[in-house]
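[1] structure for this input, please:
(one chain, ligands or ions: 2)
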Amino acid sequence: MDTQTLIHRIKKLKKEKNALIVAHYYVKEEIQELADYVGDSYYLSKICKEREEKHIIFCGVKFMGESAKILNPEKQIMMASCKSDCPMAHMITVNQIETVKRQYKDLAVVCYINSTAEIKACADIVVTSSNAYRIISQLKEKNIFFVPDAQLGQYLMKQFPDKHFILDSGYCYVHTSITREEVEKLKVAYPKAKVLVHPECLLEVVDMADYVGSTAGMIQYATKSKEKEFIICSETGILYELKKKNPHKVFYTVGTACTCTDMKQITLQDVYDALTLYSSVDIQLDERIAKKARHALVRMHELGG
Ligand code: 13P
Ligand code: SF4
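    Numbering: from 1, shown residues only. Ligands and ions are numbered 1, 2, ... in the order given. This is a model prediction of the structure:
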């Protein structure tokens, strides 16, 4: 089937089945173009809750689809690609969390949304890069066990000198591949450019930023800014929306390895198959785990919305 026919059939099937297609900014351009909603991980978890459609095709990595399912157990959340998973989500174990919980009385386990449902079930609250600061500033606990992203954890720790942070060692292989030297070179070549950084980057890169924030935050910053040139320290998929919203601005990317292979492996054919096969890609969760994880995610929406 050629691309145009495939797109036409997806749109027709979507209408017939009253399904919704949501996508993260890192998926391929043609999928972002086709999706009803494109956003960062916080927005996607919110939109799946707000919309009435009972069938949602999720074009992103597993933890994003799982979060949508936890918040909407009555809806059918189907991963366009079951193989798309975020390695960082698996870099902490339940045992590690339980061990730290036993060591501290006044402790909040703050879990980055890039984690499995089992990890969210052990957490007191979930955060994303767009709301972590706002949420932690409302927590009463002195000790914060931040899992699994060490980079985001270090960035947050610097902003809360009165709290005691215990950090984990998880990381994103895409964002941590960006080096300070590469950003410095671009700054020399384009001195007027503003540096926009995702907080999953190394702290030495984050320290060079004019703006630090989620994918949606970076897009919003560049769109509102009067400046014309930007150095983007994030995954390349974000360029599609940046250029679409800002056709007269220039965006420079850093590094050569800034591609999330899990996000990029999702194809139009996968979206079509998800719409035709339905239940084979349906997310199923243990309700006992989902219930506990729901508490941490609902709390995120209450404190971080
Ligand atoms: P955002 O919440 O900024 O979309 O980040 C998700 C992610 O996985 C970044 O690597
Ligand atoms: Fe995970 Fe990094 Fe891909 Fe985001 S970019 S989904 S953190 S591997």
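[2] who in the chain is up against ligand 1?
    Contact residues, the chain versus ligand 1 (Cβ under 6 Å from any ligand atom): Asp40, Ser41, Tyr42, Asn114, Thr128, Ser129, Cys172, Glu200, Ser214, Thr215. In this view, the C-beta of every residue, glycine as well, is placed from N, C-alpha and C.
[3] return only those of the residues you listed found close to ligand 2.
    Asn114, Cys172, Glu200.
[4] so can I have TSV of these showing neighbour count, pLDDT and distance to Gly60?
    TSV is the format used below for those (neighbours: other Cβ atoms under 10 Å; pLDDT from 0 to 100; distance: Cβ to Cβ, whole Å):
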residue	neighbour count	pLDDT	distance to Gly60
Asn114	27	98	11
Cys172	22	98	14
Glu200	28	98	15
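[5] Asp168: what's it in contact with?
    Asp168 makes contact with Met91, Ile92, Gln96, Phe145, Phe146, Val147, Pro148, Asp149, Ala150, Gly153, according to Cβ atoms under 8 Å, 6 or more residues apart in numbering.
[6] give me the nearest residue to it, chain neighbours excluded.
    Spatially, and ignoring its direct neighbours in sequence, Asp168 is nearest to Val147 (4.4 Å; Cβ to Cβ, 6 or more residues apart in numbering).
[7] if any of the contacts of Asp168 are buried, give me the ChimeraX selection for them.
    Buried residues among these (16 or more other Cβ atoms under 10 Å), as a ChimeraX selection:
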select :91,92,96,145,146,147,148,149,150,153
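[8] tell me the one of the contacts of Asp168 nearest ligand 2?
    Minimum distance to ligand 2 across the contacts of Asp168 is 7.7 Å, recorded for Asp149 (Cβ to the nearest ligand atom).
[9] next up, phi/psi of the closest one, please.
    phi -80, psi 110 (degrees, to the nearest 10).
[10] over to Asp124?
    phi -80, psi -30.
[11] so what pLDDT did it get?
    You'll see Asp124 listed with a pLDDT of 98.
[12] one more: Val281?
    Residue-level confidence at Val281 comes out at 74, pLDDT.
[13] what does Ser45 give?
    88.
[14] pretty sure it is touching Glu66, no?
    No. Using Cβ atoms under 8 Å, Ser45 is not in contact with Glu66, being 10.0 Å away.
[15] neighbour count winner among those two?
    Comparing Ser45 with Glu66 by other Cβ atoms under 10 Å, the one with more neighbours is Glu66, at 27 against 24.
[16] is the helix or strand containing that one in proximity to ligand 2?
    If you go by DSSP states H and E, Glu66 is part of helix 62-71. No. For helix 62-71 and ligand 2, the contact criterion (Cβ under 6 Å from any ligand atom) is not met; the two come no nearer than 7.9 Å.
[17] on contacts alone, who are the packing partners of that helix?
    Here helix 62-71 touches helix 41-50, strand 55-59, strand 76-79, helix 117-122, helix 287-304, going by 3 or more Cβ pairs under 8 Å, 6 or more residues apart in numbering; DSSP states H and E.
[18] wait, which of those is closest to Leu13?
    strand 55-59 (9.8 Å; Cβ to Cβ).
[19] outside of that closest one, which residues touch it?
    14, 17-24, 27, 31, 35, 44, 48, 64-65, 68, 72, 75-81, 266, 271, 274-275, 278.
[20] so that strand versus helix 62-71, what angle?
    Calculated by axes from the mean of the first three to the mean of the last three Cα atoms, to 10 degrees, strand 55-59 forms an angle of 160 degrees with helix 62-71.
[21] for strand 55-59, which positions count as buried?
    Under 16+ other Cβ under 10 Å, the buried positions of strand 55-59 are His55, Ile56, Ile57, Phe58, Cys59.
[22] OK, contacts around the residue nearest to Asp168?
    92, 96-97, 109-112, 115, 119, 123, 153, 168, 170.
[23] looking at those residues, which one is closest to Ile10?
    Minimum distance to Ile10 across those is 30.4 Å, recorded for Ser115 (Cβ to Cβ).
[24] that closest one looks like it's in a strand, true?
    No. Ser115: not assigned to a strand; according to DSSP: H, G, I helix; E, B strand; the rest coil it is coil.
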